[in-house]
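**Student:** Got a predicted structure here, sequence first:
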Amino acid sequence: MNTANKLTMFRIILIPIFLAVLYIGFPGSNYVAMAIFIVAELTDFADGYIARSRNQVTDFGKFMDPLADKVLVFAAMIWFVERGIMPAWAVLIVIIREFMVTALRLIAVGNGRVIAAGFSGKIKTIVTMICLTAMFLSLPQWLVYVNVAAITITTLVSGVEYFVKNKDIINFDK
């Protein structure tokens, strides 16, 4: 297993540890969970960089890396919903966008085309990771709203961009 795939596997292993820390809820667990979340985020950026720079892109990485990212983000968001920190409708927007973009990519692959991550998708990922990390801190409610708004807006903008740039892929007549 190459270095990039090892980092992806490490991130996958961190997810249940992250959740266990959150749900056990010992003193300071939010900070420990935040630290685990940050480490997992950093492995996401590192494995992508390593895979591309060392030509270690594999089918395993293409499948598991985005899946691990989504599971980590959804786990944090769902925990925030359970704690009354994040509204469920915002998480639903993120989930719907992810399903729709994944479906668009699957249709594209079926037509022999690959849809690379767009600039707004990369911005969405960075904004989401920063905002979720900040939400582990005891923020004033207005700042939580700012974080949720930033996540929601960048999610919607990037989702729209994918569909506008790739509208030719969807053929309603077939």
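**Tutor:** Good, I have the coordinates. Just so it is clear, the model here is predicted, and its values are computed rather than measured.
**Student:** Helices along this structure, start to end?
**Tutor:** For the chain, applying DSSP state H gives helices covering 3-24, 29-53, 59-82, 88-110, 119-135, 141-165.
**Student:** could you dump those to CSV with mean pLDDT?
**Tutor:** Converted to CSV, the helices of the chain look like this (pLDDT from 0 to 100):
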stretch, mean pLDDT
helix 3-24, 94
helix 29-53, 92
helix 59-82, 91
helix 88-110, 93
helix 119-135, 94
helix 141-165, 96
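**Student:** closest to residue 171 out of these?
**Tutor:** If you check each of the helices of the chain against residue 171 by CB to CB, helix 88-110 wins as the nearest, at 8.9 Å. (Glycine included, C-beta is placed from N, CA and C.)
**Student:** angle of that closest one against helix 119-135?
**Tutor:** Angle between the axes of helix 88-110 and helix 119-135 is 150 degrees (criterion: axes from the mean of the first three to the mean of the last three CA atoms, to 10 degrees).
**Student:** Measure how buried residue 129 is and give me the count.
**Tutor:** Residue crowding around residue 129 was assessed by other CB atoms under 10 Å; the count is 22.
**Student:** which of the residues in stretch 37-50 are buried?
**Tutor:** Taking 16 or more other CB atoms under 10 Å as the basis for neighbour counts, the residues of stretch 37-50 that come out buried are 37, 40, 41, 43, 44, 46, 47, 48, 50.
**Student:** which of these lies closest to residue 3?
**Tutor:** The nearest member of those to residue 3, counting by CB to CB, is residue 50 at 5.3 Å.
**Student:** Was I right to think that closest one contacts residue 3?
**Tutor:** Yes. Residue 50 is within contact range of residue 3, at 5.3 Å (criterion: CB atoms under 8 Å).
**Student:** Which residues are in contact with each of those two?
**Tutor:** Taking CB atoms under 8 Å, 6 or more residues apart in numbering as the contact criterion, the residues that touch both residue 50 and residue 3 are residue 56.
**Student:** separation between residue 171 and residue 104?
**Tutor:** For residue 171, the distance to residue 104 (CB to CB, to the nearest Å) stands at 12 Å.
**Student:** Correction: the previous question concerned residue 96.
**Tutor:** Using CB to CB, we find residue 96 at a distance of 12 Å from residue 104.
**Student:** Comparing these two, which shows the higher neighbour count?
**Tutor:** Ranked by neighbour count (other CB under 10 Å), residue 96 and residue 104 place residue 104 first, with 19 against 13.
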